[in-house]
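Visitor: Return a 3D structure for these sequence lines:
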Amino acid sequence: MSEEEKLSYSEAIKKAYASVSRFPLIPVRGIPLMSLIAQNWDTIWAFRPEPSDLLIATYPKAGRASCPVWRIAQPLLHSLGKSLDLLKEMDPPRIIKTHLPFQLVPPGFWEKKCKAIYVARNAKDNLVSYYHFDCMNMTQPDPGPWEGYIPKFMRGELAWGSCYDHVKGYWMEREKKNILYLFYEDMKENPQREVERIMRYLDLSVSDEIISRIVELTSFKNMKENPMANYSWIPAAVFDQSISPFMRKGEVGDWRNHFTPEQSKMFDEDYEKQMKEVNIPFRTLI
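Guide: Residues are numbered from 1 along each chain as shown. Okay, here's the model as predicted:
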């Protein structure tokens with residue numbers, strides 16, 4: 001997006017949210033979604049992708065690990081999905097990002113056998129990141145105090161629904177739908193290895209030099225300084241980064257700075273119940 005486009009988009013956002021601060025959530029097929037999305041649901045569900053389109057899915061604040069996909073795919077995939085109207089005007093192949101849980105992804109993606117990449121993050125760090133995001137995101141319901149936010153997360157009472165159901169939904173369908181399932185912690189531990197995995201999945205062949213450059217450009221430090229990644233161009237009426245930056249820490253294990261021992265124990269016990277039917281290899285530390 002050019003500086004002129006960012007300015008224009010920023011002004012449009014200011015106008016759109018001039019009279020409303022925090023929108024309510026509206027359930028769509030049992031999943032709480034932001035009202036603007038819920039009101040547009042029929043159009044979203046009917047969207048028909050092209051077979052060459054790439055879907056990138058994450059639960060909110062599962063980490064910016066999906067960004068290497070853009071750097072890898074840049075030679076072939078030249079359009080980032082913005083609004084649905086803009087998307088329809090773009091020529092395929094397109095990169096389309098979503099936070100929708102698996103069951104709400106428009107069926108056209110699977111009917112057309114589109115490739116899809118899912119990025120997951122351990123639940124404790126995901127919760128912490130989502131809490132800080134909800135504090136600064138003026139378009140989502142007020143998160144309230146930290147101690148009250150934990151049970152909301154556990155019950156799936158946040159935008160996009162349950163984190164547990166989200167990660168399980170894509171995990172259980174990954175082989176049938178040819179979904180590349182990635183972990184944020186793996187990206188942090190060995191970014192080059194994960195970039196190479198993405199490259200193979202997309203059937204792209206690039207030099208070691210380009211892979212190294214991708215790893216460098218998508219490091220948390222560089223992305224935090226990149227306006228396209230840190231959303232510093234979004235007006236404070238929407239993202240108030242004086243409360244918390246959009247890209248805050250990007251660490252694995254930051255949950256230890258937020259959970260009390262009692263909260264951690266309560267969360268772990270609930271996690272075991274919620275995730276007992278799957279064995280997804282999450283790591284809370286690396």
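Visitor: Point to the residue nearest the middle of this protein.
Guide: The centroid of the chain falls nearest to residue 58 when counting by CA atoms, centre = their mean (3.8 Å).
Visitor: Name the nearest residue to it, ignoring sequence neighbours.
Guide: Leaving aside its sequence neighbours, residue 58 sits nearest to residue 119 (CB to CB, 6 or more residues apart in numbering; 4.6 Å). Heads up, the C-betas are built off the backbone N, CA and C, glycines and all.
Visitor: thinking again about what came up before, what residues does the residue nearest to the centre of the chain make contact with?
Guide: 66, 97, 99, 118, 119, 120 (CB atoms under 8 Å, 6 or more residues apart in numbering).
Visitor: Closest one of those to residue 23?
Guide: Here the nearest of the contacts of residue 58 to residue 23, counting by CB to CB, is residue 99; it sits at 15.1 Å.
Visitor: Look at that closest one and say how many residues are nearby.
Guide: By other CB atoms under 10 Å, the residues close to residue 99 number 18.
Visitor: Look up the pLDDT of it for me, please.
Guide: Residue 99 carries a pLDDT value of 93.
Visitor: ok so residue 200 is a helix residue?
Guide: Yes. Assessed with DSSP: H, G, I helix; E, B strand; the rest coil, residue 200 lies in a helix.
Visitor: what number of residues lie near it?
Guide: Neighbour tally, residue 200, other CB under 10 Å: 11.
Visitor: Tell me how far it lies from residue 144.
Guide: With the distance defined as CB to CB, to the nearest Å, residue 200 ends up 44 Å from residue 144.
Visitor: returning to what we had before: list the backbone torsions phi and psi for the residue nearest to the centre of the chain.
Guide: phi -150, psi 150 (degrees, to the nearest 10).
Visitor: ok, the residue nearest to residue 58 - how many residues close by?
Guide: Neighbours around residue 119, by other CB under 10 Å: 26.
Visitor: where does it land in three-state SS?
Guide: Assignment for residue 119 (three-state DSSP): strand.
Visitor: how close does it sit to residue 130?
Guide: 14 Å.
Visitor: how about the nearest residue to residue 189, chain neighbours excluded?
Guide: For residue 189, the spatially nearest residue (CB to CB, 6+ apart) is residue 286, at 4.9 Å.
Visitor: thought the one you found was touching residue 184?
Guide: No. Using CB atoms under 8 Å, residue 286 is not in contact with residue 184, being 9.9 Å away.
Visitor: Compare neighbour counts for those two and give me the winner.
Guide: Counted by other CB under 10 Å, residue 286 and residue 184 do not tie: residue 184 has more neighbours, with 27 against 14.
Visitor: Pull the contacting residues for the more buried one.
Guide: 62, 63, 65, 119, 120, 121, 122, 125, 252 are the contacts of residue 184 under CB under 8 Å, 6+ apart.
Visitor: which one is residue 236 nearest to, not counting chain neighbours?
Guide: Nearest non-adjacent residue to residue 236 (CB to CB, 6+ apart): residue 242, at 6.9 Å.
Visitor: and that neighbour, how far is that from residue 235?
Guide: 12 Å.
Visitor: Likewise for residue 271?
Guide: On the measure of CB to CB, residue 271 and residue 235 end up 37 Å apart.
Visitor: So which of those two has more stuff around it?
Guide: More neighbours surround residue 271 than the other of residue 271 and residue 235, with 18 against 13 (other CB under 10 Å).
Visitor: Output the below-cut-off pLDDT ranges for the stretch 101-250 of the chain.
Guide: By pLDDT under 70, the low-scoring segments of the stretch 101-250 of the chain are 219-233, 243-248.
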